[in-house]
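# need coordinates for the below:
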Amino acid sequence: MARLGLVEARVRRAVAARRAGDPEPDDPFRGVYLSDDAVLRLLDDPAAVPEPDPVDQALRAELDAAADPGVRLRALERDFGLLPLDTELLLVCLAPDLDRRYEQLYGYLNDDVTRRRPTVGLALGLCGVPPASAGARARLSPAAPLVARGLLVVEEPERPLLSRALRVPDRVSAHLLGDDTPDPGLLDLLEPLAPHLAAELAEPDEDGPAVRLGNVLRAGIGPGYLREAPGGAARALGAQALRAAGLAAYGLDLARLAGRADPAAAVAAAGREAAFGHGGLVAGPVEALAGRPELLRALAALPVPVLLTGRASWDPEWADRPPLLAEARRVGAGARAALWRAALARTAPEGVSGLDGVRHESAAVFQLSPEQVERAARTAHQQALLAGGHLTDAHLLHGARAQNTSGLERLARRIEPGVGWDDLVLPPPVMARLRELAARARHRDRVLGDWNMRPGGGRGRGVMALFAGDSGTGKTMSAEVIAGALGLDLYTVDLATVVDKYVGETEKNLERIFTEAAGVNAVLLFDEADAVFGKRSEVKDAHDRYANVESAYLLQRMESFDGLAVLATNLRANLDEAFTRRLDLVVDFPLPEAAQRTALWDRCLGPAVPRADDLDLAFCGRAFELAGGDIRSAAVTAAYLAAEAGHGVGMRELVAAVGREYRKLGRLCLPNEFGPYMAYASAEA
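Numbers count the residues shown, from 1 in each chain. The predicted structure follows:
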């Protein structure tokens, strides 16, 4: 404000000089029109070169010497690389926003009562600079710090340069006056990254990746690009690095930025906001702006530290100078459990209990970033409050599943698991293989990551299994049970939406599925997998060649997949041997034996269905050689028949339902199978 007093003194001198050279200073229409005398006076009056006032210079030097380095104007000069002339121009343009008198004074000096902001010519004159000075005019060019970094706006580009108005954005005025409220236009794009974002991932040693990256940022080398895998912590690593460099961290959402009407202005405003807070930007994902490299180049060129994040490989077209490339480490299961523990404790509202009783390891299986864990913890607390206030493992799993994106649901059918291990009726060897598959999915981070058992060749951390067996033997239900045991959702891929008659379209559809599945914590089930995972054949025509290309693509894509996928087929012999080699487990589902069929009949009818006294499930298990799916269908049919008859399910309804199932399967109803109940199996009965 003291510096602004010097501006007022200059304005007073300019007004006095104006009145002294004006033959009609009291003209009531001054600034509204130009008289003939005024035009002749303009032609006769040579352009005067303003002389710097020595008293003004001495006062300015005295104020600068006495100013605290923490004063915002001084900090602005330092952080934005402003020259003394830049500061003077900024103060001249700031005056109308701080004192209403300057509106009228500038209107008088502009000789136009409607132009109440300083023009380029007036601002240069008040700063004691000749308007024809190339160096002075360059300080107001689009590439100069004042304009390029959003401290000053040069308006009315259609006018000559000296008559263009200058304006200080409201956010700059507010910052200089001590207001730290973020720019309203950036509320949905920019957010300060909380110090606790990655506190649980802090490195025990003083020479960790974040510390080393912070040293590079402190040296002024940038920008940087942090490439992350699904469940990675690139944003957290960027925040740690900026804090290691002594800077605040601000997160910029590039996906929302891409939808802005003027994203270039938003990029400049974000850089200005980060500079106001003495910080840097962690911006991602870069994939959102891959089609607009000019915006990425503008981000990389910001004069504040910028760390870009994403999963794609870096494209040299995205920046004019090569960035510092680094890999963001994947968050291990142990670290994710610590993240869950801290996030639950930090976000717990009043009325929630049971924090000490939940198993954080049950949710640590989800490949979530620290930000997703934070949101999942809040969702878990909301579910706990809705259920009465006691937090359970089920609430944690619900919160984790809520972080899944909806993109995969457009390509596959989502099934929320409703069955468990006790609902399966399978031989012990098959059950053992299924539990092994669940264990592989649960401990893959430890085995492949911590124990370094991951093979080379660019292979992912995925778990692949093949379920082979006749229809109705429990393949889909087993996939649902495994998903439920891991706390995940099951997504069944509809091959009708995948296979396309046009060349190359099937591969594109599969790539969309694999890409979406990489960002979703779920079990991916390819039912009737032999339709797309079939054997390669000898090339005899173009159809064979393109079919082999499709199979070759799938072989490569399966190896780089990081998720959990199950292939189900009734025709295992039709699968290519190369697929089998890439599978972690192959589980064969046999037809159930008599004891298992009896258990299936009992399980399918369930405890709620009323049963007649003559119901003999042991006979049904011995006599009728049906798969589990067929037994389930017959049990449902029997329940409908009993409901229509108004009594419980008896042998009449059950055998009639089996007869219908036999005819549906194209099998004959033989007396030696149906025995004394043969009469119930006829269509008429």
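# where does the residue lying closest to Ala138 once chain neighbours are set aside land on pLDDT?
Nearest non-adjacent residue to Ala138, counting by Cβ to Cβ, 6 or more residues apart in numbering: Ala144, 6.3 Å away. Every residue, glycine included, has its C-beta placed from N, CA and C. Looking at Ala144, its pLDDT stands at 93.
# separation between Ala144 and Asp86?
Between Ala144 and Asp86 the computed distance is 8 Å (Cβ to Cβ, to the nearest Å).
# isn't the residue nearest to Ala138 right up against Ala136?
No - taking contacts as Cβ atoms under 8 Å, Ala144 lies outside contact range of Ala136: 10.6 Å.
# can you count the residues close to the residue nearest to Ala138?
Counted with other Cβ atoms under 10 Å, the neighbours of Ala144 add up to 19.
# now do the SS call for Gly251.
Under DSSP: H, G, I helix; E, B strand; the rest coil, Gly251 falls in the strand class.
# contact partners for it?
Leu190, Glu191, Pro192, Leu193, Arg235, Ala239, Leu281, Val282, Ala283 (Cβ atoms under 8 Å, 6 or more residues apart in numbering).
# Arg413 looks like it's in a strand, true?
Yes - counting by three-state DSSP, Arg413 is part of a strand.
# my read is that it contacts Glu480, right?
No - look at Arg413 against Glu480 with Cβ under 8 Å: they stay out of range, at 11.9 Å.
# of the two, who's got more company?
More crowded of Arg413 and Glu480, by other Cβ under 10 Å: Glu480, with 25 against 14.
# my read: that one touches Glu416, true?
No - Glu480 is beyond contact range of Glu416, at 9.2 Å (criterion: Cβ under 8 Å).
# what touches both of those two?
Common contact partners of Glu480 and Glu416 (Cβ under 8 Å, 6+ apart): Leu490.
# ramachandran angles for the spatially most central residue of the chain?
Closest to where the C-alpha atoms of the chain average out (Cα atoms, centre = their mean) is Pro285, at 6.9 Å. Main-chain torsions, Pro285, degrees, to the nearest 10: phi -90, psi 150.
# neighbours around the spatially closest residue to it that is not a sequence neighbour, how many?
The shortest distance from Pro285 to any non-neighbouring residue, by Cβ to Cβ, 6+ apart, is to Gly310 (4.4 Å). Residues within reach of Gly310, counting by other Cβ under 10 Å, total 22.
# my read is that Glu191 contacts Tyr250, right?
Yes - with contact defined as Cβ under 8 Å, Glu191 reaches Tyr250; the gap is 7.0 Å.
# higher neighbour count, the two?
Taking neighbours as other Cβ under 10 Å, Glu191 and Tyr250 compare with Tyr250 leading, 26 against 14.
# and the pLDDT at the closest residue to that one other than its chain neighbours?
Spatial nearest neighbour of Tyr250, chain neighbours left out: Ala274 (5.0 Å); criterion: Cβ to Cβ, 6+ apart. As predicted, Ala274 sits at a pLDDT of 94.
# where does Ala274 fall, secondary structure wise?
Under the criterion of DSSP states H and E, Ala274 resides in helix 263-276.
# can you identify the element that follows that helix toward the C-terminus?
Using DSSP H and E, the helix or strand that follows helix 263-276 in sequence is strand 279-284.
# what's that next one packed up against?
Counting contacts by 3 or more Cβ pairs under 8 Å, 6 or more residues apart in numbering; DSSP states H and E, strand 279-284 is packed against helix 234-244, strand 248-253, helix 263-276, strand 306-310.
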